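Asks: Predicted structure and sequence below. I'll ask about it afterward.
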Amino acid sequence: MKEAAGEANLTVVAIILIAVVVAVATPLVNSLMENSANRSCCTDAGGVWKSSKCTKASGSKDYDSKSYNSCVSAATK
């Protein structure tokens, strides 16, 4: 009987640890995915991603902020 109680306690500890890892990892993964989408949209719009902003590359005539904004809004839906 003691062995069964010990195994149950280990199961509870394992479930709690898994929940803690998921609670910490989920916001991190969401942030990474959002950042990746923003960078991709910036590149597609002809811009350069610097300091968490999409800016026009020096000498570039192809940057379109409207296409960047529409891409970002579509990616977040």
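Replies: Cool, the structure landed.

Asks: Check the offset of the longest helix belonging to the chain from the chain's centre.
Replies: Criterion DSSP state H: the longest helix present in the chain is helix 2-44. Per C-alpha atoms, centre = their mean, to the nearest Å, the displacement of helix 2-44 from the mean C-alpha position of its chain is 13 Å.

Asks: Mind giving me the packing neighbours of that helix?
Replies: In terms of contacts (3 or more C-beta pairs under 8 Å, 6 or more residues apart in numbering; DSSP states H and E), helix 2-44 is packed against strand 47-50, strand 53-56, helix 65-75. (Each C-beta comes from the backbone N, C-alpha and C, glycine too.)

Asks: just for this protein, where's the confidence low?
Replies: Low-confidence segments of the chain (pLDDT under 70): 1-6, 77.

Asks: redo that, cut-off 50
Replies: When the per-residue scores of the chain are filtered using pLDDT under 50, no range remains.

Asks: on that earlier part again, hey, what's the angle from the longest helix of the chain to helix 65-75? Just curious.
Replies: 160 degrees (axes from the mean of the first three to the mean of the last three C-alpha atoms, to 10 degrees).

Asks: Look at Ser70 and say how many residues are nearby.
Replies: The tally of other residues near Ser70 (other C-beta atoms under 10 Å) stands at 13.
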